[in-house]
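Engineer: Would you be able to build a 3D model of this:
(4 chains)
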Protein chains: 2
Amino acid sequence: MNKKDAILEAANLLFARKGFKDTSMAEVSKLTGAAEGTIFYHFKTKEGIFLSILEKVKEDITAEFTAYRQAREFRNGLEMMEGAIGFYLHQVSQMEDRFLILYRHYPYELARTNPRCRDNLIAIYECLLDIFEEAIVAGQQDGSIRPGPSRKTAMLVFAMLDGLVRLKIYNLYDAASLYGELLTVCQRILKNP
Amino acid sequence: MNKKDAILEAANLLFARKGFKDTSMAEVSKLTGAAEGTIFYHFKTKEGIFLSILEKVKEDITAEFTAYRQAREFRNGLEMMEGAIGFYLHQVSQMEDRFLILYRHYPYELARTNPRCRDNLIAIYECLLDIFEEAIVAGQQDGSIRPGPSRKTAMLVFAMLDGLVRLKIYNLYDAASLYGELLTVCQRILKNP
DNA sequence: TTCCTAACTGAGTACTCAGTCAGTTTCGGA
DNA sequence: TCCGAAACTGACTGAGTACTCAGTTAGGAA
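Structural biologist: Just a heads-up that it's a prediction; the model follows:
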């Protein structure tokens, strides 16, 4: 791995675990073995590093979820939805450092003034919501999921997942032990009676 | 209002809107009109200010929700639950600066090392979850809500609310326009068929 | 009025941080 | 082998930062 990528990886790890403000360039330098000067040779500013990381986060997440979407086959929309929920939770722990970036305040603060940041965030959330919505629409067509506003329902399910992951991140409750109940609840929300 | 309380209010506002790390004591001093020395006369450290604020957040939130719990009467548990959801969303915008503290990373990071912080956070979440759970248990007794693990269900509903509020805070989607669908979804989760 | 204490002040301190720059090393092509 | 450019270095800078402290003011009791 070249030094530029090593810097991005180290910064991603630190930003994810300690946050943007609480990570100093000295720490990134130490973790990569690159001098501070080298970091600023490759990136103009600390914010620039963050933007490059977010770009990578977007690419990785959209790639993973797009691949999943195309590969898996399901008997119906409802099972597709359950699969998507499981896959999301799986990916959150698999690509923990990528997702932890999104579970912090900084990207959304930056998005207010920086359009590139905003565009990347929107792309990520669109991609995730699209998968849930696609499953709902499919389910509504095959009759496994009841009719209703597909996008809004997708958002509510996603909001629940998001809230659940946060409970775990914040050490308030272990999300895993809620997984069974989560699926039951989602079935109740979606299943065509 | 005495100066000590004024400092707490100003710091609360700034911590809520800009975050703990991004708020300097100089800013707090400017907003209150108190000299920096005065701030450190009343509080040992910046972290100490935060802990006092969190204490106040806990007191305010538990007071509001306990009052609500005792005052309102409902025809059944399901309506009680719907009322609680509406009240939560109402309170989040009513006491915005109090809740925004909780929607940041810092308190949960501090909670890892500071038991006082941890205790306050737990007290807040226990109080909120208790209200939802109380409604569920009541509903299960009067037959309006289907049987099931009340605490876990309360958590999932709360996680959805939490996720929804975040969508709004992060400027990703307006939670208000999902309110109708939210209630429908909650009914499906809870209603005894 | 006197005196003590609590409240308050802001210049000062020691430190951290993002970002710079003059100089060195590495490397690929001629 | 030489050359030029790209990659890399780390000491340095200047702008913050949380917190201190010697001194001033306000308030209340004797």
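
Engineer: Could you use CA atoms for every contact and neighbour count after this?
Structural biologist: Will do.

Engineer: my read: A:Asp97 touches A:Leu13, true?
Structural biologist: Yes: counting by C-alpha atoms under 8 Å, A:Asp97 does reach A:Leu13; the two are 5.8 Å apart.

Engineer: in the top helix by length along chain A, what counts as buried?
Structural biologist: Taking DSSP state H as the criterion, chain A has its longest helix at helix A:115-142. For helix A:115-142, burial by neighbour count (16 or more other C-alpha atoms under 10 Å in any protein chain shown) applies to A:117-118, A:120-121, A:123-125, A:127-140.

Engineer: Can you list the helices and strands that it packs against?
Structural biologist: helix A:46-71, helix A:77-94, helix A:106-111, helix A:150-169 (3 or more C-alpha pairs under 8 Å, 6 or more residues apart in numbering or on different chains; DSSP states H and E).

Engineer: What helices and strands are in contact with the last one?
Structural biologist: Packing partners of helix A:150-169 (3+ C-alpha pairs under 8 Å, 6+ apart): helix A:77-94, helix A:115-142, helix B:150-169, helix B:179-190.

Engineer: Where does A:Tyr41 fall, secondary structure wise?
Structural biologist: A:Tyr41 is part of helix A:36-42, with elements assigned from DSSP states H and E.

Engineer: who touches the closest residue to chain B within chain A in this structure?
Structural biologist: Here chain A gets closest to chain B at one residue, A:Met160, 3.8 Å apart by C-alpha to the nearest C-alpha. A:Met160 makes contact with B:156-157, B:159-164, according to C-alpha atoms under 8 Å, 6 or more residues apart in numbering or on different chains.

Engineer: mind running it again at 10 Å?
Structural biologist: Neighbouring residues of A:Met160 by C-alpha atoms under 10 Å, 6 or more residues apart in numbering or on different chains: A:154, A:166, A:182, A:186, B:155-164.

Engineer: Tell me the residues of chain A that contact DNA strand D?
Structural biologist: Within reach of DNA strand D by C-alpha under 7 Å from any atom of the strand, chain A has these residues: A:2-4, A:33-41.

Engineer: So among those residues, which ones count as buried?
Structural biologist: Among those, those buried by neighbour count (16+ other C-alpha under 10 Å) are A:34, A:39.

Engineer: Single out whichever of the residues of chain A next to DNA strand D has the smallest pLDDT.
Structural biologist: For those, the model is least confident at A:Asn2; its pLDDT is 90.

Engineer: now the residue nearest to the spatial centre of chain A, nearest residue through space, not along the chain?
Structural biologist: Nearest to the mean C-alpha position of chain A, by C-alpha atoms, centre = their mean, lies A:Phe99 at 4.5 Å. The shortest distance from A:Phe99 to any residue other than its chain neighbours is 6.0 Å, reached at A:Val92 (C-alpha to C-alpha, 6 or more residues apart in numbering or on different chains).

Engineer: and that neighbour, how many neighbours?
Structural biologist: Residues lying near A:Val92 (other C-alpha atoms under 10 Å in any protein chain shown) number 15.

Engineer: and what of A:Arg17?
Structural biologist: Neighbour count of A:Arg17, defined by other C-alpha under 10 Å: 16.

Engineer: how does chain A divide into domains?
Structural biologist: A:1-43, A:51-190 (automatic domain parsing).

Engineer: Just checking the last one against DNA strand C, any contact.
Structural biologist: This means domain A:51-190. No: applying C-alpha under 7 Å from any atom of the strand, one finds domain A:51-190 out of contact with DNA strand C, separated by at least 11.9 Å.

Engineer: Now the terminal residues of that domain, how far apart.
Structural biologist: Taking C-alpha to C-alpha, to the nearest Å, the first and last residues of domain A:51-190 lie 37 Å apart.

Engineer: what's the answer for the first one, then?
Structural biologist: Separation of the first and last residues of domain A:1-43 by C-alpha to C-alpha is 17 Å.

Engineer: so how far is that domain off the chain centroid?
Structural biologist: Its chain's C-alpha centre and that of domain A:1-43 lie 21 Å apart, by C-alpha atoms, centre = their mean, to the nearest Å.

Engineer: and if you look at stretch A:61-80?
Structural biologist: In this view, stretch A:61-80 has its centroid 16 Å away from the chain centroid, taken as C-alpha atoms, centre = their mean.

Engineer: now check that stretch, is it near chain B?
Structural biologist: No: judged by C-alpha under 10 Å from any C-alpha of the partner chain, stretch A:61-80 and chain B are separated, with a smallest distance of 15.6 Å.
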